[in-house]
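Trainee: Sequence and predicted structure, then a few things I'm wondering about:
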Amino acid sequence: MTEIRVIALPTTTVQKVLATMSSPGYGHPAHREVATGHGPCRHCLKPFQVGMEERVLFTCNPFYELAEVPLPGPVFVHGEMCERFDEEGGYPRELLAYPAVMDGYDAEQRLVRQQRASNGDQESVVREMLQDAEIRYVMVRDLEAGCFDFRVERRTGNG
(Lines give C-alpha, C1' and ligand atoms only; values in the text may rest on other atoms or scores of the structure.)
Protein backbone atom coordinates (compact mmCIF):
# COMPACT_ATOMS: atom_id res chain seq x y z
CA MET A 1 0.00 0.00 0.00
CA THR A 2 1.21 3.51 -0.82
CA GLU A 3 2.01 5.46 2.34
CA ILE A 4 1.16 9.15 2.16
CA ARG A 5 2.30 12.51 3.57
CA VAL A 6 -0.33 15.23 3.87
CA ILE A 7 1.39 18.59 3.55
CA ALA A 8 -0.28 21.65 5.07
CA LEU A 9 1.00 25.21 4.66
CA PRO A 10 4.31 25.77 6.44
CA THR A 11 4.15 27.38 9.88
CA THR A 12 6.57 30.11 8.76
CA THR A 13 4.17 31.10 5.97
CA VAL A 14 1.21 31.35 8.33
CA GLN A 15 3.25 33.30 10.89
CA LYS A 16 4.29 35.77 8.18
CA VAL A 17 0.70 36.25 6.97
CA LEU A 18 -0.64 36.82 10.49
CA ALA A 19 2.19 39.25 11.33
CA THR A 20 2.05 41.30 8.12
CA MET A 21 -1.57 40.75 7.01
CA SER A 22 -0.32 40.39 3.45
CA SER A 23 0.15 37.48 1.04
CA PRO A 24 3.70 36.11 0.90
CA GLY A 25 5.23 36.48 -2.53
CA TYR A 26 2.44 38.76 -3.73
CA GLY A 27 2.03 41.50 -1.14
CA HIS A 28 -1.75 41.55 -1.59
CA PRO A 29 -3.60 42.58 1.55
CA ALA A 30 -4.94 39.70 3.64
CA HIS A 31 -8.54 39.90 4.86
CA ARG A 32 -9.76 38.98 8.36
CA GLU A 33 -13.37 37.83 8.91
CA VAL A 34 -15.58 35.51 10.93
CA ALA A 35 -15.84 32.14 9.19
CA THR A 36 -18.80 31.85 6.81
CA GLY A 37 -17.75 28.44 5.49
CA HIS A 38 -16.07 25.28 6.74
CA GLY A 39 -12.69 26.01 5.16
CA PRO A 40 -10.52 24.19 6.20
CA CYS A 41 -7.66 26.10 7.78
CA ARG A 42 -4.73 25.33 5.45
CA HIS A 43 -2.35 25.02 8.42
CA CYS A 44 -4.10 22.74 10.93
CA LEU A 45 -6.48 21.29 8.27
CA LYS A 46 -9.45 21.51 10.62
CA PRO A 47 -12.80 22.86 9.48
CA PHE A 48 -13.73 26.30 10.74
CA GLN A 49 -16.59 26.73 13.19
CA VAL A 50 -18.91 28.83 11.04
CA GLY A 51 -19.94 32.08 12.70
CA MET A 52 -17.58 31.49 15.63
CA GLU A 53 -13.96 31.40 14.51
CA GLU A 54 -12.01 34.20 12.90
CA ARG A 55 -10.09 33.38 9.74
CA VAL A 56 -7.66 35.18 7.45
CA LEU A 57 -8.00 35.04 3.66
CA PHE A 58 -4.90 35.54 1.50
CA THR A 59 -3.43 34.66 -1.90
CA CYS A 60 -1.32 31.51 -1.94
CA ASN A 61 0.63 29.65 -4.62
CA PRO A 62 0.29 25.94 -3.75
CA PHE A 63 2.95 25.16 -6.38
CA TYR A 64 5.62 27.27 -4.63
CA GLU A 65 8.96 25.41 -4.88
CA LEU A 66 7.22 22.56 -6.76
CA ALA A 67 6.77 23.98 -10.23
CA GLU A 68 7.89 26.92 -12.33
CA VAL A 69 4.44 28.26 -13.17
CA PRO A 70 2.61 29.79 -10.19
CA LEU A 71 -1.11 29.13 -9.86
CA PRO A 72 -2.19 31.43 -7.04
CA GLY A 73 -5.57 31.32 -5.41
CA PRO A 74 -7.41 32.16 -2.20
CA VAL A 75 -6.86 30.21 1.03
CA PHE A 76 -7.88 30.62 4.66
CA VAL A 77 -6.04 30.08 7.93
CA HIS A 78 -7.16 30.61 11.51
CA GLY A 79 -6.96 34.21 12.72
CA GLU A 80 -4.78 33.04 15.60
CA MET A 81 -1.81 30.69 15.30
CA CYS A 82 -2.82 27.02 15.39
CA GLU A 83 -0.85 23.77 15.44
CA ARG A 84 0.22 22.49 12.01
CA PHE A 85 -1.26 19.20 10.79
CA ASP A 86 0.99 16.16 11.30
CA GLU A 87 2.23 15.14 7.83
CA GLU A 88 2.26 11.46 8.74
CA GLY A 89 -1.31 11.48 10.08
CA GLY A 90 -2.97 10.34 6.86
CA TYR A 91 -5.92 12.13 5.29
CA PRO A 92 -7.43 14.58 7.82
CA ARG A 93 -10.34 12.68 9.40
CA GLU A 94 -12.34 15.85 10.03
CA LEU A 95 -12.35 16.56 6.27
CA LEU A 96 -13.82 13.21 5.20
CA ALA A 97 -17.30 14.75 5.44
CA TYR A 98 -16.45 17.20 2.65
CA PRO A 99 -16.26 16.16 -1.04
CA ALA A 100 -12.96 16.93 -2.73
CA VAL A 101 -11.32 17.00 -6.13
CA MET A 102 -7.98 15.21 -6.36
CA ASP A 103 -5.61 16.60 -9.01
CA GLY A 104 -2.62 14.33 -9.74
CA TYR A 105 0.36 16.19 -11.23
CA ASP A 106 3.59 14.94 -12.78
CA ALA A 107 7.05 16.44 -12.19
CA GLU A 108 6.47 18.96 -15.01
CA GLN A 109 3.26 20.34 -13.44
CA ARG A 110 1.04 18.61 -15.98
CA LEU A 111 -2.30 17.37 -14.74
CA VAL A 112 -2.19 13.60 -15.23
CA ARG A 113 -5.44 12.66 -13.59
CA GLN A 114 -8.36 14.28 -11.82
CA GLN A 115 -10.80 12.41 -9.64
CA ARG A 116 -13.62 13.35 -7.28
CA ALA A 117 -13.84 11.79 -3.86
CA SER A 118 -16.51 11.84 -1.17
CA ASN A 119 -18.26 9.64 1.37
CA GLY A 120 -15.04 8.96 3.24
CA ASP A 121 -13.15 7.45 0.30
CA GLN A 122 -10.78 10.42 -0.11
CA GLU A 123 -7.71 8.70 1.36
CA SER A 124 -8.16 5.54 -0.72
CA VAL A 125 -8.55 7.65 -3.87
CA VAL A 126 -5.32 9.53 -3.10
CA ARG A 127 -3.44 6.30 -2.35
CA GLU A 128 -4.68 4.73 -5.58
CA MET A 129 -3.69 7.80 -7.61
CA LEU A 130 -0.18 7.78 -6.12
CA GLN A 131 0.31 4.18 -7.27
CA ASP A 132 0.70 5.71 -10.76
CA ALA A 133 4.46 6.37 -11.03
CA GLU A 134 3.79 9.34 -13.31
CA ILE A 135 1.95 11.22 -10.54
CA ARG A 136 4.41 13.09 -8.30
CA TYR A 137 1.88 14.73 -5.98
CA VAL A 138 -1.85 15.23 -5.53
CA MET A 139 -3.37 18.64 -4.89
CA VAL A 140 -6.59 18.28 -2.91
CA ARG A 141 -9.22 20.93 -3.63
CA ASP A 142 -12.63 21.62 -2.15
CA LEU A 143 -15.31 20.32 -4.53
CA GLU A 144 -17.71 23.22 -3.87
CA ALA A 145 -15.36 26.23 -3.89
CA GLY A 146 -12.61 24.67 -6.01
CA CYS A 147 -9.83 26.17 -3.93
CA PHE A 148 -6.64 24.43 -2.81
CA ASP A 149 -6.80 22.63 0.55
CA PHE A 150 -3.49 20.72 0.83
CA ARG A 151 -0.92 18.60 -1.03
CA VAL A 152 -0.33 14.87 -0.70
CA GLU A 153 2.86 13.04 -1.66
CA ARG A 154 4.21 9.53 -1.26
CA ARG A 155 5.93 8.95 2.04
CA THR A 156 9.57 8.09 1.41
CA GLY A 157 12.40 6.86 3.61
CA ASN A 158 11.95 5.35 7.05
CA GLY A 159 8.99 7.55 8.04
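Mentor: Here it is on my side, so go on.

Trainee: how's the chain carved up into domains?
Mentor: Recorded structural domains for the chain (assignment: automatic domain parsing) are 6-78, 87-154.

Trainee: Redo the ones you listed as JSON lines? Include mean pLDDT.
Mentor: Rendered in JSON lines, the data for those read as follows (pLDDT from 0 to 100):
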{"stretch": "domain 6-78", "mean pLDDT": "95"}
{"stretch": "domain 87-154", "mean pLDDT": "95"}
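
Trainee: where along this protein do the strands fall?
Mentor: Along the chain, counting by DSSP state E, strands occupy 4-7, 31-34, 54-60, 73-78, 100-105, 111-117, 137-142, 148-154.

Trainee: how far away is the closest residue to Val50 other than its chain neighbours from Leu95?
Mentor: In space, and not counting its chain neighbours, Val50 is closest to Ala35: 5.2 Å by CB to CB, 6 or more residues apart in numbering. For glycine as for every other residue, the C-beta is placed from the backbone atoms N, C-alpha and C. Separation of Ala35 from Leu95 (CB to CB, to the nearest Å): 15 Å.

Trainee: Repeat that for Lys16.
Mentor: According to CB to CB, Lys16 stands 25 Å off from Leu95.

Trainee: Touching, the residue nearest to Val50 and Leu57? I think so.
Mentor: No: under the contact definition of CB atoms under 8 Å, Ala35 does not touch Leu57, with a separation of 10.3 Å.

Trainee: overlap in contacts of those two?
Mentor: Shared contacts of Ala35 and Leu57, defined by CB atoms under 8 Å, 6 or more residues apart in numbering, are found at Phe76.

Trainee: List the buried residues of stretch 95-106.
Mentor: 95-96, 98, 100-106 (16 or more other CB atoms under 10 Å).

Trainee: Output those residues in CSV; the columns should cover distance to Tyr137.
Mentor: Formatted as CSV, those follow (distance: CB to CB, whole Å):
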residue, distance to Tyr137
Leu95, 18
Leu96, 20
Tyr98, 20
Ala100, 15
Val101, 14
Met102, 11
Asp103, 9
Gly104, 8
Tyr105, 6
Asp106, 9
